[in-house]
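A.B. asks: Turn this into a structure:
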Amino acid sequence: MSPSSQMISYTFLLSLIVAYLKIASAGNFYQHIDITWGGQRAKILNGGQLLTLSLDKFSGSGFQSKDQYLFGRVDMQLKLVPGNSAGTVTTYYLSSRGTTHDEIDFEFLGNSSGQPYTVHTNIYTQGKGKREQQFHLWFDPTITFHEYSIIWNPQRIIFMVDNIPIRVFSNKEAIGVPYPKGQPMRLYSSLWNADDWATQGGRVKTDWKKAPFTAAYRNFNVNACIWPSTSCFSRSGSTKSLPSNGWMYQVLDVNDQKRLKWVQKNYMIYNYCTDLRRFPQGVPPECKQQSSSKKVYVSN
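C.D. replies: Below is the predicted model:
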């Protein structure tokens, strides 16, 4: 297929997706989430408006969305495990299946009491990841609920916390960088024990005397293109300023760019694009065009 034919097909696909825009009624966890493991450690409460995951010495727990999405915006409010959460990991991510899967990750790595959580982000394309960026937060994520959002469209992926962008991964297929755009993904979340690596490289272990550990979820909102119909929908009747399908073309405005720089300057603790020890032969090609912190971070 010629480049012009590819562009026509790509444009037609986007036009088809937007043309089939429809609005669904407000949903809840009962309607749109399946608890997949952990038994009674995962609970849907308050008529479907609240979900909790728990971890004890015997098992963690998790859930997934009933639907698969091909591009969209996913918002979820989380309240993370309080107190001494060392060794625990709370995940919230989009993923397809298989050895060549695509994936867009939020992972929240617990820590000893009084120490900040680490927000770990990563992107997999065709089964390959190693695109980690990590952050601390400017608030305590265990006291109250905060919103964590993934915006995924054909041009870019945006990670947001309380509607503040913390990371952008742009489509760089033009320079040979794979981009997740062909595999539909479900939303997944889990709470599990990873004390072999999660907290200070595994040096701090899970204190099972503090179990069960519990994370809470609410206000699950999805504006996305459902697969395989390619119809776009809203699960929430969101009141955000963008139109229901505004995420399809979303970019960072001037204020968003300022807030992104503020987060990356003050709260980023690891950036694969500046890890010279990890990439002694040169950083990945997408990093060379990335406007990132001037600091150099190296892995342990």
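
A.B. asks: Residue ranges in the stretch 1-150 of the chain under the pLDDT threshold?
C.D. replies: Within the stretch 1-150 of the chain, the segments meeting pLDDT under 70 span 1-27.

A.B. asks: which stretches of it form helices?
C.D. replies: According to DSSP state H, counting those that start in this stretch, the stretch 1-150 of the chain carries its helices in the segments 3-19, 29-32.

A.B. asks: Only the buried residues of the last one, if you could.
C.D. replies: Within helix 29-32, the residues that qualify as buried by neighbour count (16 or more other Cβ atoms under 10 Å) are F29, H32. Any C-beta I mention is one placed from the backbone N, CA and C, and that applies to glycine too.

A.B. asks: Only C-alpha atoms, please: export that helix in PDB.
C.D. replies: Presented in PDB, the C-alpha positions along helix 29-32 are these (Å, rounded to 0.1, in the frame of the first residue of the first chain):
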ATOM      1  CA  PHE A  29     -18.800  -1.100  38.800                       C
ATOM      2  CA  TYR A  30     -21.500  -3.800  38.700                       C
ATOM      3  CA  GLN A  31     -22.300  -3.000  35.100                       C
ATOM      4  CA  HIS A  32     -18.900  -2.500  33.700                       C
END
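
A.B. asks: For that helix, which helices and strands make contact with it?
C.D. replies: With contacts taken as 3 or more Cβ pairs under 8 Å, 6 or more residues apart in numbering; DSSP states H and E, helix 29-32 sits against strand 213-227.

A.B. asks: Check which helices and strands the strand it packs on sits against.
C.D. replies: Judged by 3+ Cβ pairs under 8 Å, 6+ apart, strand 213-227 is in contact with helix 29-32, strand 50-55, strand 68-79, strand 186-193, strand 231-234.

A.B. asks: avg pLDDT for stretch 170-181?
C.D. replies: Here stretch 170-181 scores 96 as its mean pLDDT.

A.B. asks: Kindly format the C-alpha coordinates of that stretch as PDB.
C.D. replies: Provided in PDB are the C-alpha atoms of stretch 170-181 (Å, rounded to 0.1, in the frame of the first residue of the first chain):
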ATOM      1  CA  SER A 170       3.900  10.800  21.400                       C
ATOM      2  CA  ASN A 171       3.500   8.700  18.300                       C
ATOM      3  CA  LYS A 172       7.000   8.600  16.700                       C
ATOM      4  CA  GLU A 173       6.300   5.900  14.100                       C
ATOM      5  CA  ALA A 174       7.800   8.300  11.500                       C
ATOM      6  CA  ILE A 175      11.200   7.600  13.100                       C
ATOM      7  CA  GLY A 176      10.600   3.900  13.600                       C
ATOM      8  CA  VAL A 177       9.300   3.800  17.100                       C
ATOM      9  CA  PRO A 178       6.300   1.400  17.600                       C
ATOM     10  CA  TYR A 179       3.200   3.000  18.900                       C
ATOM     11  CA  PRO A 180       0.100   1.100  20.400                       C
ATOM     12  CA  LYS A 181      -2.700   1.700  18.000                       C
END
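
A.B. asks: how far is it from where the chain is centred?
C.D. replies: A distance of 18 Å separates the centroid of the chain from that of stretch 170-181, by Cα atoms, centre = their mean, to the nearest Å.

A.B. asks: Just the buried positions in that stretch, please.
C.D. replies: Neighbour count says stretch 170-181 has N171, K172, V177, P178, Y179, P180, K181 buried, by 16+ other Cβ under 10 Å.

A.B. asks: which one among those gets closest to R278?
C.D. replies: V177 (17.1 Å; Cβ to Cβ).

A.B. asks: mind checking how far the closest one is from Y93?
C.D. replies: Distance of V177 to Y93, given as Cβ to Cβ, to the nearest Å: 20 Å.

A.B. asks: ok, now S112?
C.D. replies: According to Cβ to Cβ, S112 stands 25 Å off from Y93.

A.B. asks: count of residues packed around Q200?
C.D. replies: If you count neighbours by other Cβ atoms under 10 Å, Q200 ends up with 14.

A.B. asks: show me where pLDDT drops low in the stretch 151-300 of the chain?
C.D. replies: 197-198, 230-231, 233-244, 289-300.

A.B. asks: Quick one: residues contacting E132.
C.D. replies: Counting by Cβ atoms under 8 Å, 6 or more residues apart in numbering, E132 makes contact with H120, T121, N122, Y270, Y272.
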